[in-house]
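# Structure of the sequence below:
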Amino acid sequence: MSNPLVQAFFVGRAVAEVINERVEVALTDALSELGKFDAEAREQLRQFTEEVIARANRAAEASETGTTTGSGASGVGSTDLQAEIDELRAEIALLRTELQKYRSASK
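Prediction:
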């Protein structure tokens with residue numbers, strides 16, 4: 001190639017092709033990671049929801065059996081109930097922070 005103008009054209013075209021390919025790969029990787037993060041967040045939320053429902057069902061069953069058997073152990077039950085409430089509050093706070101992180105990441 002003796003003509004520098006033609007050579008500059010082909011070099012510019014090659015640069016544009018390489019940049020285009022690299023941007024395509026980077027965009028594909030970023031979208032893949034975003035999809036993976038979204039799937040993991042949904043799975044964690046689903047697991048959290050299942051755990052909360054299971055605990056609520058156990059607590060409801062325990063309260064039903066506690067009310068039918070009488071209130072002889074009400075002091076022990078109330079401390080266990082308070083511990084359950086504290087655990088649920090902590091989990092709710094954790095869920096709120098995770099949701100805030102997810103919402104800020106998706107913006």
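
# and L88, how many neighbours does it have?
14 (other Cβ atoms under 10 Å). Where you see a C-beta, it was placed from the backbone N, CA and C, and this is true even at glycine.

# er, V18 actually
10.

# what helix or strand does it sit in?
Assessed by DSSP states H and E, V18 sits inside helix 4-69.

# so what secondary structure elements neighbour that helix?
For helix 4-69, the packing partners by 3 or more Cβ pairs under 8 Å, 6 or more residues apart in numbering; DSSP states H and E come out as helix 74-106.

# Quick one: low-confidence residue ranges for this structure.
Residue ranges of the chain with pLDDT under 70: 1, 67-79.

# go again using 80 as the cut-off
1-2, 66-80, 107 (pLDDT under 80).

# For R55, which residues are in contact?
Neighbouring residues of R55 by Cβ atoms under 8 Å, 6 or more residues apart in numbering: 84, 88.

# Count residues in the vicinity of the closest residue to A105 other than its chain neighbours, would you?
Leaving aside its sequence neighbours, A105 sits nearest to F37 (Cβ to Cβ, 6 or more residues apart in numbering; 7.3 Å). Close neighbours of F37, defined as other Cβ under 10 Å, add up to 13.

# How about the contacts made by the residue nearest the centre of the chain?
Centroid check for the chain by Cα atoms, centre = their mean gives A41 as the closest residue, at 2.2 Å. Neighbouring residues of A41 by Cβ under 8 Å, 6+ apart: 98, 102.

# now it: how far from E87?
Distance, A41 to E87, using Cβ to Cβ, to the nearest Å: 22 Å.

# Kindly report the same for A54.
13 Å.

# and what of R55?
For R55, the distance to E87 - Cβ to Cβ - is 8 Å.

# can you check F10 too?
67 Å.

# How about Q7?
Q7 is 71 Å from E87, by Cβ to Cβ.

# Equivalent analysis for F9, please.
F9 is 69 Å from E87, by Cβ to Cβ.

# Tell me how many other residues crowd S104.
8.

# show me the contacts for it.
No contacts exist for S104 under Cβ under 8 Å, 6+ apart.

# Next, count neighbours for A59.
A59, neighbours per other Cβ under 10 Å, totals 15.
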